[in-house]
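Novice: Here you go, sequence then predicted model.
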Amino acid sequence: GDSVTQTEGQVALSEEDFLTIHCNYSASGYPALFWYVQYPGEGPQFLFRASRDKEKGSSRGFEATYDKGTTSFHLRKASVQESDSAVYYCALGRSNMGYKLTFGTGTSLLVDP
Amino acid sequence: EAGVTQSPRYAVLQEGQAVSFWCDPISGHDTLYWYQQPRDQGPQLLVYFRDEAVIDNSQLPSDRFSAVRPKGTNSTLKIQSAKQGDTATYLCASSSTGGALEQYFGPGTRLTVL
């Protein structure tokens, strides 16, 4: 079945550092790939998605490129801010009268000012 | 535009008790999802509806969990006889098939089963 792997459980950075959170997936065909962000006490918020190979998604300075060859969708940001501290989830979606999402385990990002 | 609304925000039960969670999706969204999110894990889909029809409930523990969306708007998720393993946050999300299919999540109901 479909699965998503996020290798970093926690990432600690200082403001203005470069961020990479790794996401790899296992699935047949061409699922859509998503990044969501979750702040304490809230539900996940959609960041962006990509639906085909080599497509780049981006929002709020974050970006990721769908790579079918390496089955990856790594999240990057050039310069993080303290307000970016949150849990980030990579997800895979299958279209069937909606999207059936399979989430990774999440990466907790802590940015020191 | 109002977001997804859920109630209650918190619930504490003894094992064997029943509980219901209520969700009001974004107006006009025809697809509604229920997820279970154990502490420090990602959300896991339980069931989703298009209008009033169940599209996929394959991950719903059918012996104790049930979900309905009778008029294709609000939805209720019920646990008949709660177990400690049900301790988690229950999230509701909605989306529009006429839009970009992104799911918008509510704040969740945090359930603790003692």
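Specialist: Nice, thanks for sending it over. On a predicted model such as this, the values are computed, not experimentally measured, just so you know.
Novice: on contacts alone, who are the packing partners of the helix-or-strand element of chain B with minimal mean pLDDT?
Specialist: Within chain B, no helix or strand scores below strand B:53-56, which has a mean of 92 by mean pLDDT, DSSP states H and E. Under the contact criterion of 3 or more Cβ pairs under 8 Å, 6 or more residues apart in numbering or on different chains; DSSP states H and E, strand B:53-56 touches strand B:44-50. Bear in mind the C-beta positions are built from the backbone N, C-alpha and C, glycine included.
Novice: related to what we said a few turns ago, please enumerate residues in contact with the following helix or strand past the least confident helix or strand of chain B?
Specialist: Later in the chain than strand B:53-56, the nearest helix or strand by DSSP states H and E is strand B:65-68. Residues outside strand B:65-68 that contact it (Cβ atoms under 8 Å, 6 or more residues apart in numbering or on different chains) are B:34, B:46-47, B:49, B:54, B:57, B:60, B:75-80.
Novice: Of those, which pair is most distant in space?
Specialist: B:F49 and B:Q80 (19.4 Å; Cβ to Cβ).
Novice: Those two - which one has more neighbours?
Specialist: B:F49 (24 against 14; other Cβ atoms under 10 Å in any protein chain shown).
Novice: what residues are up against the residue lying closest to B:P38 once chain neighbours are set aside?
Specialist: Distances taken as Cβ to Cβ, 6 or more residues apart in numbering or on different chains place B:A88 nearest to B:P38, at 4.5 Å, with adjacent residues excluded. By Cβ under 8 Å, 6+ apart, the contact list for B:A88 reads B:Q36, B:Q37, B:P38, B:R39, B:L111.
Novice: ok, the fourth one to chain A distance?
Specialist: From B:R39 over to chain A the distance is 11 Å, taken as Cβ to the nearest Cβ, to the nearest Å.
Novice: Output the lowest mean pLDDT helix or strand found in chain A.
Specialist: strand A:99-103 (a mean of 89).
Novice: Contacts for the next helix or strand after that one, please.
Specialist: As assigned by DSSP H and E, the chain's next helix or strand after strand A:99-103 is strand A:107-112. Identification of contacts with strand A:107-112 by Cβ under 8 Å, 6+ apart yields A:6, A:8-15, A:17, A:19, A:21, A:80-89.
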